[in-house]
Each structure stands twice: as C-alpha cells, then as structure tokens.
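>>> Provided below for reference: sequence and predicted model.
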Amino acid sequence: MADLHVIPEEVSPESETPPEDVKALVKPRRRRTLWIVIGLLAAFVVYAYGFQVTEVNLDRISDETRQEQLFRVLRALAQPDLFTYEVAETAVDLEFAIPCPAGGFEPAPMDGDATFAVDPACADPRAVVTVSGSGFRPNDQVQVFFVPPNGTELRLENVRTGADGTFETEARLPARPDTEVQTMRIKSRQNVGSIFNPEQVELEDGTTVSSPRWSQNAIQTLDKIIETVFLALLATTIGTIIAIPLSFFAARNLMKDIRLPPLQLGLAIAGVPVGAGLGLLAASVTRDLVERLPASALLLGILMLALAWITFRLLVVAVPAPGSGTRRQTRLLAAAGAGLTLLLATQALVRFAQLAGAWMAARLGAFDFLGEFVVTSGEILGAVFGLFTAFAGAALLAFLGSKLGYAAGKRVSDGVRGLLSIIAAAIAGALIALAIGQAVAWLYQITNTRNTVLIPAIVGALIGGFVGWRGLRQEQVPIGLWIYYVARTVFNTLRSIEALVLAIVFVIWVGLGPFAGALALALHTVAANAKLYSEQVESINAGPVEAVRATGATRLQTVVYAVVPQIVPPYISFTMYRWDINVRMSTIIGFVGGGGIGFLLQQNIALLDYRAAAAQMLAIAIVVATMDYVSSRLRERYV
Amino acid sequence: MLQVEHLTKVYDDGTVALKDVSFEVPDGQFLAVIGLSGSGKSTLLRCINRLIDPSEGRIIWNGEDITAASQEDLRRIRRRIGMVFQHFNLVHRSKVMTNVLAGRLGYTSPALSIANRFSRTDRERALAQLERFGLEGKAQNRSEELSGGQQQRVGIARAMMQEPEMILADEPVASLDPVLAHSIMQYLEDINRTDGVTVLCSLHFLDLVQRYGEKVIALNEGRLVFEGLPSEIDDAMFKDIYGQEAERVG
C-alpha cells in the first residue's frame, strides 16, 4: 500500500504542465499498483478457499497414532518382499513345576550362552510369573512357551529382547497342574543365510535348498513386470502404426492448400459410400476366391510373392511419369489390374500366415507361441484388411468423383456448372447428414425413420446446397482445412479421456487382462501421438518441400522425399517417449483389471501387504528408470 | 521465350507483392532481377513455376500458358524449370545422392519413386552432375555435413537433373561469402553459356549483376522500375531502385 502514497508525491510536478510522455508514464503505474493489490487479494481468497475444500489439517499430520501407522507402512515399504528365508529355530528349556511340589522346587541349572529364569521357580495354575532372560540375540523376537509332559507347546508371550540381549516379561501360567516336572521354553527364530552369503539348508523331507531364495511375491512381480513392458510395447506399436498416417490429416501446413471447387468436392463425397461398399465387396469376393485354393502354405506363399510383383509392375504402368505418353485406357486397365492383384496378394498373405503359423506351432515345441503369433497376425490382417479396402475404395471413388467433376466442369458453361455444383453439394450434404443421422439413431436407438432418414437428408441437402452456392463465389472449398479441424477435434476429445476410463470400457469388451489394457493404451496412444506427430509435421522446414514441389513432383512424392525424412527423428523420439509413458500408465491400468503389474499392486495394497506392494513399486521404479535411460540414449543417437 | 504479362499478386492478408509486372525473356538469356528485400523478387520467381499462384496476369512460356495449366500439365512444365534457393533447401538428413535424384521426380513414375527406385541412367546422371559441380565422393554423405557452398552446388545439381530449359535462382548467393558467391555464379554462368539454359537470377549486389547479368529488371514495392542493360544502371537509377538514402557498396 505504501506505493500508492509514494507515487502521487513523485508525480507532483514542479512545472505547471508536465510533458505528455511523463504523464503517460506515471498514470499507468498507479493503476498497475492497484491491480497488483487486487491481484494479491484475489490470490488470498483463492488459496483460502483452496485450503478449505482440500481440508488442509496440520493436527492430523502431527497426530501421533497416525504417525505411528505411517511409520509402520514406510518401514514395510522399505523392506520389499523379495526373498524367502529358511528359518532356523533355537529353543532353550528350563524345568518348571505346577503346582509347587511339597519339598519346594529347584530347576536343574542351564548351560549355554542364552539362559533364563522364572520367578518364582514354581507356581500354582493361572499364577502370574516373571520370566527374564539374558544372552539372547539383541533386538530379536522371542516366544515364551509352556510345555506340559505330552509335549504340546502352549505359547504364553511374545517379547522383544533389548539391545543387550536381555528380556523380562510377565506371563500367566496355564491351568495344567501335573505331578511330573514340566518345562518352560524360550524359542527364537533366525533366518538362515543372507543375500550376500546364501546357505544350503536341508529341509525336513531331506531335500536341500539354498537360503535365501526369491519369494513367491518376487517371482510374481517379475512375471507381471514383463507382462507390463510387453503390454506397453504392443500398445505403443499398434497406436503408432495408426497414428502416423492420421497425423498428416492434423497437420495444418499439409492440409491448408487442399482446396477443391464445389462440384469436384460434392462428387468426391458422393463417391465415398459407394467406394466403401465396393471395397468391402471386393475384399469378401477375393477372400472367397483365395479360400477355394488348396490349403498349401508353399503354394500360397509363391502366389503371394508373384502377385505382389505383378501389382508393382502394373502400378508403374498405371502411374507413369508425366508426359510419358501411355494411353489413358492402358493406364486405367493397369490400375484396375493392380488393385485386383493387390487384393488377391493380401488375401493370399492372410491365408499363408494362418497355414504357415499352424505349421510352425506344430513343430516348434516350446516356441509354439511364435507360430500362434503368425496365425493371429494373419487373422488381424484379414480383419483389418476389410476395413482397409473399404477406406481405399472410398478414397478411390472420391478421387474419381473429383476427376469427373473436373472434367464435367471444364465442358459446360458457367451457369450449368453452378447448377451442377449446387446439386453435387446438396447430394454430399445429404449423405453426410444421413451418416450422422444413422449414428445418432444407433446410439439412442431411435427407430423412427422420418427422424433419422428423411429429415437429416433434407436438412443436409439444404445445407450442402447452400455451401455449394457460397462456394461458387470463392470457387474453391478449403476441404483440407475442414478435415484438419475435424481430425484435431477428434484427437483432442479422445486424448482428454483418461486411459484408465478407456481401460474400463475395454475390460467390458474383451474381459479382464492385459489385452484390454493394451487396447486402451493403444487408443490413447493414437490420440496423443497423432497430435504430437502432426505438430512435428507442422514445424518442418518448408524449404525442401518447396524445392521438391518445384521439380514437378506429385503431392505424394513431395511428402515422401521432403516431409518424411524431416520427421523421422522426432517420430522415433516421440514413439520411444510414448513407450516410456505407456509402461508407467500400464501400472495404473492394472488397477481396473487391465492386466500388468498394477493388478498385483492393487491387490497387495488392498490386503495391507505393504512389503509385497513395495516389491512391485520397486520393480516399476527400476523399469521406468531403465526405460528412461535407454530411450534417452537412443534418442541421442538417432535424433 | 518467357512472357510475363501484367502479373499481379495480392496475398490473402492484402499485401500487394507484385503489381502489373510485364517483361520478356528470350531463350538463353541471363536475366538478373534486383530490388530491395520485400520488393517482390521471390514472389515473381515463384509465380513463374506457380509455387505461388498469381492473382492476375499471364505467364506464357514457349507458347504455353503456365497460369492456366492443370495440375498435371503444371508438373510437366515444372520439371523443365529448375530452381535454386537462397537457403539451398536440401533435405538435411537425406544423402546428397537422394537430394540430387529428387530432381528426377518429375520424370519418374510415382509408384517407382516412392519405393526409392531410380533407373540406372538416372543414377549415372546424378553422379555425372555431382562430378560436374566438384562434388565427387560426396554422394553418400548426408547433406547437412556439407559446407554452404557445397550445399548450393548440390542444389544446382538437383536443378540440372531436371534437364531444365530455364533455371530460377532466388538469391542463390545471399547466404554465402563473396568468394563462394563468385564460384556459384560462375557455375550458373556456365550452365547458361554451355547448356543454353535461360537463367532468371535475383541478386542483392550490384557488382554481381554487372559482372554476370546480360539484362536486368528491377523491382521496387512490386512494380517494375527498370528494364535494361546492367551498364545502364547509373547512380540516379540506383537511387530509384534502392531508395534515395541508399549507398552503393561493392
């Protein structure tokens, strides 16, 4: 507040009219001070409220019983359950009598270092006696037993020895009067061997084991941490494979130049559903064709390679260098042929993987999981391929639609083109609205077709027509930017959903276990990495892109020669980093049943077995630290 | 023959980069383009191969209207126009060989080039270009390992891979020291004289213009303010081009 008073004094001018710039300098300072004070007051209120809602309470921190509990947990955590020891038991016996015989009782003297005495030396049943000993191991847990003649050990007390190896405790005798001399026994237990110096121990059944050895908990922890690392690896791989192509759609610098006239755009969008349907059909037809072939891995393998080679040769004919003079009909024919052979080659690969995998699994014995992997990979490829052909068909028909639009637009007058544009845009709008309508209908189980088909189609057509009409004036619709915004929105939405929540969804779908966790992390990886990758694409040096475009390269060539080389290092770096993150996340995923070490950790915490939980936490720490080290070294090398 | 007619470029933000620029370049000429930074030199060169789409006007090259070309025609036109850049614009992490071969992309089937397959002739041609520009033995080096002068020579080799009829050089020596500048300019001069390639080269320094330029055009704030021989630029003309406060250096 002092500032507020000082400033006016500084301002008070000697001259009647201070220069304009001085006024301008002084006035805002006063206001700024006021703002700082207001800001501080606001911060005071904010933090006061924050303290209240978070229940900040110093009394609880200093509460002694709570501290005691905390220390117990901390001590348990400091002793992770990693080893089991064989236990050597030592017993020291002293004669005792219940009740005291007529002539009194004097026990035989004890020999050895550890001795103890009972006071009185004999007593009635249920009497309280004092047991005191010396020469025991310091700070050790010992047990006081009463042993009647039949040899049953009745435990009376547990007691801890002091730093000098002595102890003293009171014990209530059992109601076991007997005429014979009975026994008081002190037992102490000691772990055999140390981590640094294991010992061979003979068990009661005659076998020898070394002590200490890994505990059950340690073995489980190792098992699960390996599962965790591989879960994260799988999730990262799947996520990255999907994220890389998607990331290009979310890169502004690649998308902003993609513009189409409304006529081309409208026909392209109209081509999408047709193409997707045809793609699916093509996939199923070729699959049936390949499945009719004899089930021989060798034959299918050769067929696959041959088809792949033919595809490549046909592609070269179909997409020649500009101005090569290849006739259009030849090119179209070659393109169609390449598409067909590619479909057949992939279906052959799917079959080949299944047959070869089964063959491997039958012969590899302990390594049959390699064969299983090939079979499953083939199945995944087969399943994904249907989806892929649908996309490819959609892309192809969209491309053809756009070409058709271009050709048609050149041949007709401006007025007709305008009309066609509006019609095409209306069809496109209706299709998009229909798709949205169907999604809504499915989600909310609406069966009324008027609401899910008719109305969306009409509204979509109107909006599409309007956009087409508007687009006529600017001649080009910035479709690239639209796709960019949609992609960005989807990634951001998906990214904001915690992997934990995704894991719950996938647990419902595929059941408890690491597979659910891997899928959840993979989905999260797609969203997170697609965004990171696209930002890398956006920050590339535009110079080489320009240079490659200037040589007459196509858009795809430009991406391959100028964009990809620039983004490989950051992509590797981000993928490594994501693996690192996924390992850490997969520990949490286990809490909801997503497999991995988190499952074990959560179980042990719930059982209050902090020593076991500590082992798992240690394993996580070691793996995360190792991953961090390895990934930073790899990044250094490749970036 | 390159004919530029009433070329105007207005950027989306309203900046007028070129205003009604017209000139002609006969085949085989070495044309120097001068002007201050921001006078529209770069925009002009990029309009010629349509890295930037002009707003108005036409560019006719060998009778073909570049401004009206379809995407496919444009690629065919672009591959006959080499381009050399101030910052070399090489892909740093790619090998020199890959950068040079990129000049053939316009001649290669997209399907083949995506698999990084170039014909034996193309590879031999690339090695020959490297040799011509004094880069023997550098083919397998990463481009970023080369010095500035070497990088620019790789850039020229890439342009020459296109078997160009015209080269657009956008301040090719502005990032190099004077000795290297002359070496690069001599390569461009050699390409112009020996191979008969038309060269449009934007330059900062007047001594380079007078040493290498056959003809000069000057731009000031997007307008063509001078068209003539290098020797015709006297002090009065210089001040017209560069402004009244400018001093001649070099």
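Nice, I can see it.
>>> the stretch 151-300 of chain A: strands as residue ranges?
For the stretch 151-300 of chain A, applying DSSP state E, counting those that start in this stretch gives strands covering A:154-160, A:167-172, A:182-191, A:199-202, A:208-211, A:213-214.
>>> please identify the most buried of those.
Compared across these, strand A:182-191 shows the largest average neighbour count, a mean of 18 (mean count of other Cβ atoms under 10 Å in any protein chain shown). To be clear about C-beta, it is placed using only N, CA and C from the backbone, and glycine gets the same treatment.
>>> before we move on, back to that, now render the strands of the stretch 151-300 of chain A as JSON lines, adding mean pLDDT and distance to A:Ala251.
Listed next are those as JSON lines, based on pLDDT from 0 to 100; distance: least, Cβ to Cβ, whole Å:
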{"stretch": "strand A:154-160", "mean pLDDT": "89", "distance to A:Ala251": "68"}
{"stretch": "strand A:167-172", "mean pLDDT": "91", "distance to A:Ala251": "75"}
{"stretch": "strand A:182-191", "mean pLDDT": "88", "distance to A:Ala251": "61"}
{"stretch": "strand A:199-202", "mean pLDDT": "78", "distance to A:Ala251": "64"}
{"stretch": "strand A:208-211", "mean pLDDT": "78", "distance to A:Ala251": "59"}
{"stretch": "strand A:213-214", "mean pLDDT": "86", "distance to A:Ala251": "50"}
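>>> of the ones you listed, which is nearest chain B?
Evaluated over the strands of the stretch 151-300 of chain A, closeness to chain B peaks at strand A:213-214, with 46.9 Å, by Cβ to the nearest Cβ.
>>> give me the distance between the closest residue to chain A within chain B and B:Met83.
For chain B, the residue closest to chain A is B:Gly106, as judged by Cβ to the nearest Cβ, at 2.6 Å. B:Gly106 is 12 Å from B:Met83, where distance means Cβ to Cβ, to the nearest Å.
>>> quick check: neighbours shared by those two?
A:Thr551 (Cβ atoms under 8 Å, 6 or more residues apart in numbering or on different chains).
>>> please enumerate the helices of the stretch 401-550 of chain A.
A:414-444, A:449, A:455-474, A:479-496, A:499-510, A:514-538, A:542-550 (DSSP state H, counting those that start in this stretch).
>>> turn those helices into TSV, including distance to chain B and mean neighbour count.
Shown next, in TSV, are these (distance: least, Cβ to the nearest Cβ, whole Å; neighbours: other Cβ atoms under 10 Å in any protein chain shown):
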stretch	distance to chain B	mean neighbour count
helix A:414-444	16	18
helix A:449	42	11
helix A:455-474	11	18
helix A:479-496	13	15
helix A:499-510	33	18
helix A:514-538	13	24
helix A:542-550	4	22
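>>> comparing those helices, which gets the lowest mean pLDDT score?
Mean pLDDT values for the helices of the stretch 401-550 of chain A show the minimum at helix A:449, a mean of 76.
>>> now the strands: where do they sit in chain B?
For chain B, the strands defined by DSSP state E occupy B:2-10, B:16-25, B:30-34, B:56-61, B:64-65, B:81-84, B:166-170, B:198-203, B:215-220, B:223-228.
>>> partners of the shortest one, with directions?
Think strand B:64-65. Here strand B:64-65 has these sheet partners by DSSP bridges: strand B:56-61 (antiparallel).
>>> about what we covered before: which of the strands of chain B is buried the deepest?
Each of these was scored by mean neighbour count; the highest is strand B:81-84, a mean of 28, by mean count of other Cβ under 10 Å.
>>> so when I look at A:Pro320, I'm seeing a helix, right?
No - A:Pro320 sits outside any helix when classified using DSSP: H, G, I helix; E, B strand; the rest coil, being coil.
>>> so it sits against A:Arg328, correct?
No - with contact defined as Cβ atoms under 8 Å, A:Pro320 does not reach A:Arg328; the gap is 11.0 Å.
>>> on that earlier part again, now the strands of the stretch 151-300 of chain A in CSV, with distance to chain B?
CSV is the format used below for the strands of the stretch 151-300 of chain A (distance: least, Cβ to the nearest Cβ, whole Å):
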stretch, distance to chain B
strand A:154-160, 67
strand A:167-172, 74
strand A:182-191, 58
strand A:199-202, 58
strand A:208-211, 54
strand A:213-214, 47
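>>> which one of these lies nearest to A:Val545?
Closest to A:Val545 of the strands of the stretch 151-300 of chain A, according to Cβ to Cβ: strand A:213-214, at 56.3 Å.
>>> domain ranges for the chain?
Just so you know, I chose chain A. For chain A, automatic domain parsing gives the domain ranges A:2-53, A:83-214, A:223-245+A:497-639, A:272-401.
>>> let's do chain B instead
Taken from automatic domain parsing, chain B resolves into B:1-80+B:166-250, B:90-163.
>>> deepest-packed of the ones you listed, please.
Most buried of the domains of chain B, by mean neighbour count (mean count of other Cβ under 10 Å): domain B:90-163, with a mean of 20.
>>> for that domain, give the mean pLDDT please.
Mean predicted confidence for domain B:90-163 is 90.
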